[in-house]
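Sequence and computational prediction follow.
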Amino acid sequence: MAISIRGNKQLCGGIPKLHLHSCNTKEFKGKRFTLIMKIIIPTSFGLLGLVIVLCLLYLCCFRKTTKVPLLRFLGKSYVKLSYQSLLKATDGFSPANMIGMGSFGSVYKGILDHSEKVVAVKVLNLQFRGASKSFVAECEALRRIRHRNLVKVFTACSSVDYNGNDFKALVYEFMVNGSLEDWLHANENEDEVHVKSRNLNILQRLNIAVDVASALDYLHHHCSEPIVHCALKPSNVLLNNEMIGHVGDFGLARFLPEGTYNSSATQSSSIGLRGSVGYATPEYGMGNKVTTFGDVYSYGILLLEMFTGKRPTDNMFNDSLSLHNFAKMALPEQVASVVDPTLIQQREIEEASSSTENTRNQSSTGSHKIYECLISILNIGIACSQELPRDRPTINHIVTQLLVIKNNFLGTDGVHGGRRARITV
């Protein structure tokens with residue numbers, strides 16, 4: 001067998017019969033190393049760099065997604081406050097300055113150092129499940145809304161405390177007269193004189209009812225995207241120095257897609273119970289989707305509580321008796337047996353102080369009109385708190401009805417002078 005290797009001068013090694021020179025191992029390794037240096041290593045580093053860039057882009061996008069609502073909320077028109085400034089404003093979040101406690105944190109009275117402005121600082125307890133989500137939801141809601149009957153928010157703070165823990169807080173306009181809860185239900189530690197001084201007369205309650213309904217009407221029908229409050233109750237209705245009602249606490253608020261905000265259809269959802277026991281609409285407890293009719297139900301319970309003086313969680317209410325049924329069974333003949341006794345007492349005091357027969361006759365007519373007013377108001381509360389969403393009125397219809405009741409009340413009772421007229425007692 002003949003073998004020819006002419007023209008292959010670079011051949012080396014092989015069988016002895018070929019008489020080829022021995023191969024240079026070092027030279028071969030050098031060439032392989034050069035190949036690795038020129039191709040493999042740069043390619044590997046390139047791939048690694050690409051992975052790092054992609055990871056950084058992902059993290060940046062994730063951070064942007066989670067922070068955008070707060071950053072847009074703060075904006076140029078809002079004061080930027082640090083943890084240190086809020087700590088100083090509230091005297092170290094002193095218990096003496098605590099004015100309220102909610103589902104996700106505590107509220108403190110504070111005085112801002114740079115402006116000496118009195119504010120309410122809501123500090124989120126981030127150990128509570130859902131607190132961070134509530135903070136973002138409230139920021140997102142409050143940055144979109146402006147209405148005379150909504151609590152004004154000054155700014156928000158998302159920082160860290162001195163221990164390196166996350167810190168989140170919202171800073172609101174301070175409401176001098178506290179919450180509607182404080183005016184409807186006496187504190188066990190309050191003396192009798194103080195309790196009597198905090199009684200609300202019929203017109204004051206009616207004005208506040210109109211304020212709250214107007215706020216809900218704005219949220220449901222006049223925002224760029226309908227908003228459901230989901231947490232309406234007396235402790236979330238705050239009163240300023242003129243006793244004007246302001247709705248606050250948007251930690252559970254939900255934005256609704258166009259076309260579904262006013263739907264009363266029963267739809268499945270995994271939201272579970274939204275709101276507080278006694279005020280949350282029954283369909284939420286069955287897993288149905290959020291609708292504006294849920295707020296209407298809560299408003300109906302609030303209205304009944306305002307004029308009966310009884311909480312929906314009162315011990316007298318059980319499976320067979322609710323605040324809704326309590327009011328419904330008494331109307332119209334027994335209205336005096338279910339309304340807040342202080343409302344009747346106020347009228348009796350006014351009648352007793354009448355000095356002339358003509359005045360007494362006017363008072364008698366006025367008493368009849370007051371009962372008519374109370375019946376009408378309780379009927380609205382009953383209609384709003386119907387078990388089925390489709391049986392409830394819309395909030396804009398409620399506002400119209402309340403204004404008619406108020407105008408009739410003022411016109412027949414001889415009290416004039418505008419929206420904030422008061423009954424003399």
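That came in fine, so what should we check first?

Leu86 is in contact with Lys168, isn't it?
No. Counting by Cβ atoms under 8 Å, Leu86 stays clear of Lys168, with 10.7 Å between them. C-betas here are computed from N, CA, C, even on glycine.

Ser44: which element?
Ser44 is part of helix 41-74, with elements assigned from DSSP states H and E.

Once you drop chain neighbours, what's closest to Phe409?
Cys373 (4.8 Å; Cβ to Cβ, 6 or more residues apart in numbering).

same thing with Ser94?
Per Cβ to Cβ, 6+ apart, closest to Ser94 is Tyr108, 7.6 Å.

would you say the one you found is within a helix?
No. Judged by DSSP: H, G, I helix; E, B strand; the rest coil, Tyr108 forms no part of a helix; its state is strand.

what number of residues lie near it?
Each residue near Tyr108 was counted by other Cβ atoms under 10 Å, and the total is 24.

who's in contact with it?
Tyr108 makes contact with 90, 93-94, 97-99, 120-121, 123, according to Cβ atoms under 8 Å, 6 or more residues apart in numbering.

doesn't Leu200 make contact with Pro234?
No. Counting by Cβ under 8 Å, Pro234 does not reach Leu200; the two are 11.3 Å apart.

Give me the common contacts of these two.
With Cβ under 8 Å, 6+ apart, Pro234 and Leu200 have common neighbours Leu184.

what's the domain layout of this protein?
52-174, 175-425 (automatic domain parsing).

Next, give phi and psi for Leu180.
phi -60, psi -30 (degrees, to the nearest 10).

Surely it touches Asn240?
No. With contacts counted by Cβ under 8 Å, Leu180 stays clear of Asn240, the gap being 11.9 Å.

Of the two, give the one with the bigger neighbour count.
Leu180 (27 against 15).

Local confidence estimate at that one?
Note on Leu180: pLDDT of 96.

Overlap in contacts, Leu86 and Lys168.
123, 157.

SS state for the residue most central in space within the chain?
Using Cα atoms, centre = their mean, the residue of the chain that lies closest to the mean C-alpha position is Phe250, 1.2 Å off. What three-state DSSP gives for Phe250 is coil.

How far off centre is stretch 321-335?
31 Å (Cα atoms, centre = their mean, to the nearest Å).

Show me the contact partners of it.
With Cβ under 8 Å, 6+ apart, stretch 321-335 has contacts from 278, 300-301, 304-305, 308, 310-312, 314, 316-317, 337-338, 371, 374-375, 378-379, 381-382, 385-386.

Of these, just the buried ones, PyMOL syntax please.
To isolate the buried ones among the contacts of stretch 321-335 in PyMOL, judged by 16 or more other Cβ atoms under 10 Å, type:
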select buried, resi 278+300+301+304+305+308+310+311+312+314+317+338+371+374+375+378+379+381+382+385+386
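
Over to Lys122: give its phi and psi.
Dihedral angles for Lys122 - degrees, to the nearest 10 - are phi -100, psi 110.

hey, what's it bridged with?
Counting by DSSP bridges, Lys122 forms beta bridges with Val107, Leu170.

Can you get me a residue count around it?
Lys122, neighbours per other Cβ under 10 Å, totals 24.

and it, how far is that from Gly105?
Using Cβ to Cβ, to the nearest Å, Lys122 is found at 6 Å from Gly105.

Now do the contacts for the closest residue in space to Leu302 that isn't next to it in sequence.
Excluding its sequence neighbours, the residue lying closest to Leu302 (Cβ to Cβ, 6+ apart) is Leu232, at 6.0 Å. When contacts are counted by Cβ under 8 Å, 6+ apart, Leu232 touches 212, 216, 247, 275, 279, 295, 298-299, 302.

Looking at those, which two lie furthest apart in space?
Val212 and Gly275 (14.8 Å; Cβ to Cβ).

Give the residue from the two that has the larger number of neighbours.
Counted by other Cβ under 10 Å, Val212 and Gly275 do not tie: Val212 has more neighbours, with 29 against 22.

The more buried one against Gly300, yeah?
No. Taking contacts as Cβ under 8 Å, Val212 lies outside contact range of Gly300: 11.3 Å.

mind listing the strands in the stretch 101-250 of the chain by residue range?
Under the criterion DSSP state E, counting those that start in this stretch, strands of the stretch 101-250 of the chain are mapped to 105-111, 118-124, 153-160, 166-173, 227-228, 237-239, 245-247.

Would you tell me which of those gets closest to Ile398?
Short answer: strand 245-247, nearest of the strands of the stretch 101-250 of the chain by Cβ to Cβ, at 14.3 Å.

buried sites along the closest one?
Buried residues in strand 245-247 (16+ other Cβ under 10 Å): 245-247.
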